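Participant: when you get a sec, could you give me coordinates for this:
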Amino acid sequence: MTYDELVTNIRNYTEVGSNVFTASVINTFITMAENQILREIDLDVFKVEVAGNLTSGNKFLAAPSGILTHRYMMITVSGDQIFLDFRDTSFMKEFWPDGSATGVPKYYSVWDQDTFYVAPTPNSGYVVELGYIYRPVQLSSANPTTWISLNAPEALLYACLVQAYSYTKGPLEMLNYFKGAYKEALQGLGIEQQGRRRRDEYRDGMIRIPVKSESPGP
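Facilitator: Take a look at the predicted model:
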């Protein structure tokens with residue numbers, strides 16, 4: 001589904017014209033809908049890994065631009081790759097209260113939206129690899145298709161319609177209907193993601209869906 005098709009569908013489903021649902025208003029619906037989808041499901045297509053370096057004596061590490069959700073952090077120590085355990089900031093401060101003391105990092109946490117925090121404070125410039133989900137470019141008139149609009153158009157449309165009916169304070173039954181339709185579409189997308197991530201035809205065989213057969217008559 002393209003941007004123009006989505007705009008048309010939103011206006012047609014709600015029977016609200018461009019005088020109310022302006023491009024600016026619909027773009028807000030799309031922003032909120034895409035954010036909701038990205039928060040509620042891991043999409044492998046938006047998962048990346050980047051490498052960098054910790055700085056000796058510095059417990060902070062800048063987060064990549066566009067990061068939405070972190071997935072793991074790993075450092076290389078004497079040729080061995082070691083995953084750091086994720087903890088909250090209060091644990092980190094209790095575990096390593098003296099920030100000037102250094103050691104091999106064991107834990108990491110989110111300090112703020114732009115910064116990670118590791119403990120112990122690094123005693124060397126270890127190579128670090130970070131896996132995370134990035135925020136893709138939003139669907140818009142200038143970016144008429146996205147992975148979500150092409151591969152999960154139902155989820156995107158229903159999420160936008162939830163926003164639209166909330167905006168207009170439309171009938172509660174319609175709002176609840178589109179909430180349910182969105183939930184169902186998201187579950188289907190989740191099952192698809194799980195199948196791609198966990199199944200292998202060679203090892204697991206083909207996915208087969210049982211078909212209910214009618215009982216033979218007398």
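
Participant: mind listing what the residue nearest the centre of the chain touches?
Facilitator: A centroid search over the chain (CA atoms, centre = their mean) returns Leu38, at 3.3 Å, as the residue closest to the centre. With contact set as CB atoms under 8 Å, 6 or more residues apart in numbering, Leu38 has these partners: 46, 68, 133, 135. For every residue, glycine as well, the C-beta is placed using N, CA and C.

Participant: and the residue nearest to Met32 when sequence neighbours are not counted, how far is that from Ala51?
Facilitator: Excluding the flanking residues, the one nearest Met32 by CB to CB, 6 or more residues apart in numbering is Gln163, at 5.2 Å. When distance is defined by CB to CB, to the nearest Å, Gln163 is 38 Å away from Ala51.

Participant: for Asn143, same thing?
Facilitator: If you go by CB to CB, the gap between Asn143 and Ala51 works out to 28 Å.

Participant: that older thread, element containing the residue nearest to the centre of the chain, please.
Facilitator: Using DSSP states H and E, Leu38 sits in helix 23-40.

Participant: what's the neighbour count on Leu189?
Facilitator: By other CB atoms under 10 Å, the residues close to Leu189 number 19.

Participant: phi first, then psi, for the residue nearest to it when sequence neighbours are not counted.
Facilitator: Once flanking residues are discounted, Leu189 sits nearest to Ala152: 5.1 Å by CB to CB, 6+ apart. As for Ala152, its main-chain torsions (degrees, to the nearest 10) stand at phi -140, psi 50.

Participant: how many neighbouring residues does Ala152 have?
Facilitator: 21.

Participant: got it, and Arg135?
Facilitator: Around Arg135 there are 14 residues (other CB under 10 Å).

Participant: cool, and Phe46?
Facilitator: 17.

Participant: mean confidence score for the helix or strand where Lys183 lies?
Facilitator: Using DSSP H and E, the element containing Lys183 is helix 172-198. Throughout helix 172-198, pLDDT has a mean value of 85.

Participant: so which elements touch that helix?
Facilitator: On a contact count with 3 or more CB pairs under 8 Å, 6 or more residues apart in numbering; DSSP states H and E, helix 172-198 meets helix 153-168.

Participant: how far off helix 172-198 does the helix it packs on point, in degrees?
Facilitator: 150 degrees (axes from the mean of the first three to the mean of the last three CA atoms, to 10 degrees).

Participant: and the contacts of helix 153-168?
Facilitator: Contacts of helix 153-168 (CB under 8 Å, 6+ apart): 1, 6, 9-10, 13-14, 16, 20-21, 25-26, 28-30, 32-34, 36-37, 139, 148-149, 170-171, 174-175, 178-179, 181-182, 185-186, 188-189.

Participant: picking that back up, more neighbours, Gln163 and Ala51?
Facilitator: Using other CB under 10 Å as the criterion, Gln163 and Ala51 rank with Gln163 on top: 21 against 10.
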